[in-house]
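Undergrad: pasting the sequence and the predicted model now:
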Amino acid sequence: MLIQNGTIYLQKKEEVGDLRIKSGVISTIATGGGLEPNGEEVVIDATGLHLLPGAIDPHVHFRDPGQPEKEDLESGSRAAASGGITSFLDMPNNIPNAIDKKTIQNKLDIAAQKCVTHHGFFVGATKGNLADIQSVEGMTGVCGIKIFMGSSTGDLLVHEQGDLEKIFSNTGGIIAVHAEDENRLQERHRHFKDRTDIAAHAEYRDTECAMIATKRAVSLAEEHEHRLHIVHLTSAEEANWLPSRKGDLVTTEVCVQHLTFDDRDMEELGTRGLVNPPIRYEEDKEALWRRLHDGTIDCVVTDHAPHSLESKSVGYPGSPAGMPGVETSLPLMLTHAMNGRCKVRDVVRWMSEGPAKVYGMKNKGSLVEGNDGDLAIVDLDNWRTASDSETWTRVGWTPYDGMKLTGWPSYTVVDGEVIHLRGSNDGLKGQSIGLPGASGRAITFS
Ligand SMILES: [Zn+2]
């Protein structure tokens, strides 16, 4: 494949030029252009478009196996591809949970048949599956261990010190932690159980819940010299505390929704905005942006967790927590860039380089010769309105319904093949043209 005349986001600069992908690998980058098509090579004219490394979403819940009515690995990866995401890491709270070799292998097999993008899977920790966790360590396609320290919507939960010690002291690789303190959540529940207003959610699952668990997880990581990744950071307090404890050992992420919404949006969003940990306050949102810019936060993710609008319509507190996001995260961040919140280059750092580095993904995350030919070729001039009726996710809605966004990918490329196309005359959804299982691989982690 030859892509001509696009603005190429290289590691330190961006320049107009040509990029060639041969046998799935970026073979030549010619700033200034001049590459001639050879033979039957596919040629893309990228005049006016921006070539970014394919975005990597290291935090999704694609519901496969078990809940295909919400999402499966095909609909999820197509939704991701439509938003310029070429690799995703999927969480273990499925039916059955991915907590041992058999359930992990099953997910890898399903992905090989259905996915159009690259993929990796977390093994979930339980109180009693240490040997199972050890049995999948280093396996291709296994990105790390997920621990839920506080209960959310799934039934995986490990919060007692002894159980956590056991996992931190007897495993390798990376532990990704959902940091909310279970004891505090339980203790506060009775004070909030009669509240039906959505504002109660952030009061109930308060900053202290998150802070207690984040501090505990960091202490465990330091004590056992274990790589730790704190998922979906939400509070100013955590974000401002972490710089003192960050080194090579501890990394963290923030969700696009926590950079976009705060409490003032919650009334309008209603239960669509219900997520764990919650959407908090303006000062939290601003601190998260600051700590992204100063490098404390390593990457921007979605925590794509689809639930049907029917289940959301039950109202607070009965509705499940979680929202879809993979098809809008890159356009949303590029829109923030166009609005002056950050630079396009920052988005590349947070959504491609960052996740590749955090999880040690081989040959991914930046446009350099020799890396995999994964690209999001985006249009920063064309603004389109996100809408429930034009979504790829199986649940058929988006929390960004009605928002005008730019940076929608014109082409999403995996291993040198176009898997999603959005022409200027196409609707918002564009065309998913990857065949199930024909593109994308299980990712190798170092
Ligand atoms: Zn999650």
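TA: Thanks, I have it. Numbers count the residues shown, from 1 in each chain.

Undergrad: quick one, what contacts the closest residue to residue 322 other than its chain neighbours?
TA: Leaving out its chain neighbours, the residue that sits closest to residue 322 by Cβ to Cβ, 6 or more residues apart in numbering is residue 305, at 2.9 Å. C-beta here means a position set from N, CA and C on the backbone, and glycine is covered the same way. Shown in contact with residue 305 (Cβ atoms under 8 Å, 6 or more residues apart in numbering): 60-61, 153, 275, 321-324.

Undergrad: over to residue 338?
TA: Residue 338 touches 380, 406-407, counting by Cβ under 8 Å, 6+ apart.

Undergrad: are any of these buried, and which?
TA: For the contacts of residue 338, a burial check counting by 16 or more other Cβ atoms under 10 Å picks out 380, 406-407.

Undergrad: closest to residue 182 out of those?
TA: Taking Cβ to Cβ as the measure, residue 182 lies nearest residue 407 of the buried ones among the contacts of residue 338, at 38.5 Å.

Undergrad: sec struct for the closest residue to the closest one other than its chain neighbours, please.
TA: Closest residue to residue 407 apart from its sequence neighbours, by Cβ to Cβ, 6+ apart: residue 334 at 2.7 Å. Following DSSP: H, G, I helix; E, B strand; the rest coil, residue 334 is assigned to helix.

Undergrad: re earlier: of the contacts of residue 305, which is the most crowded?
TA: Neighbour counts for the contacts of residue 305 (other Cβ atoms under 10 Å) peak at residue 324, which has 29 neighbours.

Undergrad: all strands for the stretch 101-250 of the chain, in order.
TA: Taking DSSP state E, counting those that start in this stretch, the strands of the stretch 101-250 of the chain run over residues 118-124, 142-148, 174-178, 227-230, 250-255.

Undergrad: of the ones you listed, which approaches residue 12 most closely?
TA: strand 250-255 (22.1 Å).

Undergrad: how close does the closest residue to residue 350 other than its chain neighbours get to residue 143?
TA: Spatial nearest neighbour of residue 350, chain neighbours left out: residue 300 (4.2 Å); criterion: Cβ to Cβ, 6+ apart. The spacing between residue 300 and residue 143, counted by Cβ to Cβ, to the nearest Å, is 17 Å.

Undergrad: now do the helices in the stretch 251-400 of the chain.
TA: 256-260, 263-269, 282-293, 309-312, 329-338, 344-348, 354-359 (DSSP state H, counting those that start in this stretch).

Undergrad: what does stretch 212-230 contact?
TA: 144, 149-150, 161, 164-165, 168-169, 171, 173-177, 179-181, 184, 233, 238, 241-242, 245, 249-253, 358-359.

Undergrad: and stretch 174-184, which residues are buried?
TA: 174-182, 184.

Undergrad: go through these and name the one nearest residue 69.
TA: Once Cβ to Cβ is applied, the member of these that ends up nearest residue 69 is residue 178, at 24.2 Å.

Undergrad: hang on, isn't the closest one packed against residue 145?
TA: No: the pair residue 178 / residue 145 is not scored as a contact, 11.9 Å apart, by Cβ atoms under 8 Å.

Undergrad: kindly check the end-to-end length of stretch 366-385 for me.
TA: Stretch 366-385 has an end-to-end distance of 29 Å (criterion: Cα to Cα, to the nearest Å).

Undergrad: need phi/psi at the residue located most distally from the centre of the chain.
TA: Among the C-alpha atoms of the chain, the one most distant from their mean position (Cα atoms, centre = their mean) is that of residue 39, at 37.7 Å. Dihedral angles of residue 39 (phi, psi; degrees, to the nearest 10) stand at phi 60, psi -130.

Undergrad: tell me the spacing between it and residue 414.
TA: Distance from residue 39 to residue 414, by Cβ to Cβ: 22 Å.

Undergrad: please, which helix or strand holds residue 4?
TA: Per DSSP states H and E, residue 4 falls inside strand 2-9.

Undergrad: any weak-confidence spans in the stretch 151-300 of the chain?
TA: 152-154 (pLDDT under 70).

Undergrad: switch the cut-off to 90
TA: Regions of the stretch 151-300 of the chain meeting the criterion pLDDT under 90 cover residues 151-156, 246-248.

Undergrad: can you get me a residue count around residue 330?
TA: 32.

Undergrad: and the closest residue to it other than its chain neighbours, how many neighbours does it have?
TA: Computed as Cβ to Cβ, 6+ apart, the closest residue to residue 330 that is not its neighbour in sequence is residue 84, at 4.2 Å. Other residues within reach of residue 84 by the criterion other Cβ under 10 Å amount to 33.

Undergrad: repeat for residue 189
TA: For residue 189, using other Cβ under 10 Å, the count is 12.

Undergrad: how far away is the residue nearest to residue 330 from residue 150?
TA: Distance from residue 84 to residue 150, by Cβ to Cβ: 32 Å.

Undergrad: pLDDT check: weakest of the contacts of residue 305?
TA: Minimum pLDDT for the contacts of residue 305 is recorded at residue 153 (62).

Undergrad: report the contact partners of the nearest residue to residue 279 once chain neighbours are set aside.
TA: Closest residue in space to residue 279, ignoring its immediate chain neighbours: residue 261 at 4.9 Å, by Cβ to Cβ, 6+ apart. Residue 261 sits next to 269, 273, 279, 285, 399 when contact means Cβ under 8 Å, 6+ apart.
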